[in-house]
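Sequence and predicted model, in that order:
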Amino acid sequence: MAFSLLLAALIIGHILADFFWQPMSWVNDRNTRHFKATKLYLHVLVHGITSAIIITLWEYTFGWQQASNALIATVAIVISHYFIDIAKSYSNKGVVPFLFDQIAHIAVLIALSIWLTDNNSFIANIYTMLTTPNVLWIVCGYLIILNPSAVFIRMMLERLTSNFSSDGSLPLAGQSIGMLERILMLSFILLDQFAGVGFLLAAKSVFRFGDLSASKDKKLTEYVMLGTLLSVSVTLFVGLGINYLIS
């Protein structure tokens, strides 16, 4: 319990300091001036103060062990946050650097929570959980419905609608929507919430109805229906197969 409480509090503190208490002007200053940005040092200081308060309160609540632990953990968070943010400031500012940035920050918080609570079994428990057949089958299912399914659906649509052009749509928009659609559907299937699959399809139909009725293009309607039905069929097949394997 102590580990979960400390980690949850540190993550909440990180979210507040990174997204609520950091003005966009600070982010722009860091991305422009990098390590010369004065706002970067203010941002790191906010993180340090927030983390110090959380760790001190946790130590006080669960019994003070060593005063130096709170100081060492706070300094580790400040230094690691500084270098992680500096590295991100030199990136292309895309989604991937953002995700790596946040994963790195959370990894530091997890490591410090393990150290402060002496929860040495956490990594072993995570390893045991990730190496169970059920979890591996679920991971396999999500991997299948991403790129492999996208390739299969694209090949089927190209074969059936070789002369159809989808000009006017955003680049890769259909593929991205399809992936998100399959992720949600597989999640509903694995949770035995088939009503969620129906709701997702109904919502997509409502949003698509206006476009299809306005276009007066029979080929577009058939193209969308084929893509949706192929996506649903593949996801249902994978989801039901995973449920059978893990039951």
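Done, it's in. Numbering: from 1, shown residues only.

Tell me how far the residue nearest in space to the middle of the chain lies from Ser51.
By Cα atoms, centre = their mean, the chain has its centre lying nearest to Leu99, at 7.4 Å. From Leu99 across to Ser51, the span is 22 Å (Cβ to Cβ, to the nearest Å). Where you see a C-beta, it was placed from the backbone N, CA and C, and this is true even at glycine.

Tell me which helix or strand the residue nearest to the centre of the chain sits in.
Assigned by DSSP states H and E, Leu99 falls within helix 95-117.

ok, and what's touching that helix?
Residues from elsewhere that reach helix 95-117, judged by Cβ atoms under 8 Å, 6 or more residues apart in numbering: 2-3, 6-7, 10-11, 14, 18, 55, 58-59, 69, 73, 76-77, 80-81, 84-85, 87-88, 91, 119-120, 122-123.

Show me what counts as buried in stretch 149-161.
Going by neighbour count (16 or more other Cβ atoms under 10 Å), the buried part of stretch 149-161 is 149-150, 153, 157, 161.

How about stretch 176-186?
Residues of stretch 176-186 classed as buried: 178-179, 181-182, 185-186 (neighbour count, 16+ other Cβ under 10 Å).

JSON lines for those residues, including pLDDT?
Supplementary listing: the buried residues of stretch 176-186 in JSON lines, determined by pLDDT from 0 to 100:
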{"residue": "Gly178", "pLDDT": "82"}
{"residue": "Met179", "pLDDT": "86"}
{"residue": "Glu181", "pLDDT": "87"}
{"residue": "Arg182", "pLDDT": "91"}
{"residue": "Met185", "pLDDT": "92"}
{"residue": "Leu186", "pLDDT": "93"}
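
Looking at those residues, which is nearest Ala203?
Compare each of these with Ala203 using Cβ to Cβ and the shortest gap goes to Glu181, at 10.2 Å.

Return the distance of the closest one relative to Val232.
Using Cβ to Cβ, which is the criterion applied here, Glu181 is 8 Å from Val232.

Please apply the same query to Ala203.
Ala203 sits at a distance of 13 Å from Val232 (criterion: Cβ to Cβ).

Low-confidence stretches in the chain?
Low-confidence segments of the chain, defined by pLDDT under 70: 63-65, 160-174, 206-222.

Run through the neighbouring helices and strands of the helix ranked longest in the chain.
Ordering each helix of the chain by length in residues (DSSP state H) puts helix 218-246 first. In terms of contacts (3 or more Cβ pairs under 8 Å, 6 or more residues apart in numbering; DSSP states H and E), helix 218-246 is packed against helix 133-145, helix 147-160, helix 173-190, helix 194-215.
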